[in-house]
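> give the three-dimensional model of this entry:
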Amino acid sequence: MLAQRLMWIVWPAFLVAGLLELVVFGLFDPEDMHWFGQQMTLSRQGVYTISFFVFWALTMVSSSLTLLLATKLNDIEVAS
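As a prediction, this is how the structure comes out:
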């Protein structure tokens with residue numbers, strides 16, 4: 001059951017992170033980006049990689065909250 005719930009969180013988050021990566025870097029060039037007013041020293045591939053994992057982590061948090069709320073709501077309905 002834990003593996004199934006984990007896949008409910010990780011797999012959709014992976015797909016959304018990939019889509020976010022395409023959208024964001026379809027609009028913005030990593031070499032034109034600045035961090036606190038400084039030119040970024042990472043390569044394009046480095047920015048793509050770090051951004052993907054940040055997007056993935058954020059969407060995993062979102063999926064986790066959705067699963068948590070759905071589980072709590074289901075527990076409330078069963079108890080009623």
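> list the contacts for the residue nearest to residue 24 when sequence neighbours are not counted?
Excluding the flanking residues, the one nearest residue 24 by CB to CB, 6 or more residues apart in numbering is residue 51, at 6.9 Å. No exception for glycine: its C-beta is placed from N, CA and C like everyone else's. By CB atoms under 8 Å, 6 or more residues apart in numbering, the residues touching residue 51 are 21, 24-25.
> residue 51: which element?
helix 44-79 (DSSP states H and E).
> and the helix or strand harbouring residue 6, what does it pack onto?
Per DSSP H and E: residue 6 is located in helix 2-27. Applying 3 or more CB pairs under 8 Å, 6 or more residues apart in numbering; DSSP states H and E, one finds that helix 2-27 makes contact with helix 44-79.
> stretch 48-60: which residues count as buried?
By neighbour count on 16 or more other CB atoms under 10 Å, the buried set for stretch 48-60 is 51-52, 55-56, 59-60.
> just how off-centre is it within its chain?
For stretch 48-60, the separation from the chain centroid amounts to 5 Å (computed by CA atoms, centre = their mean, to the nearest Å).
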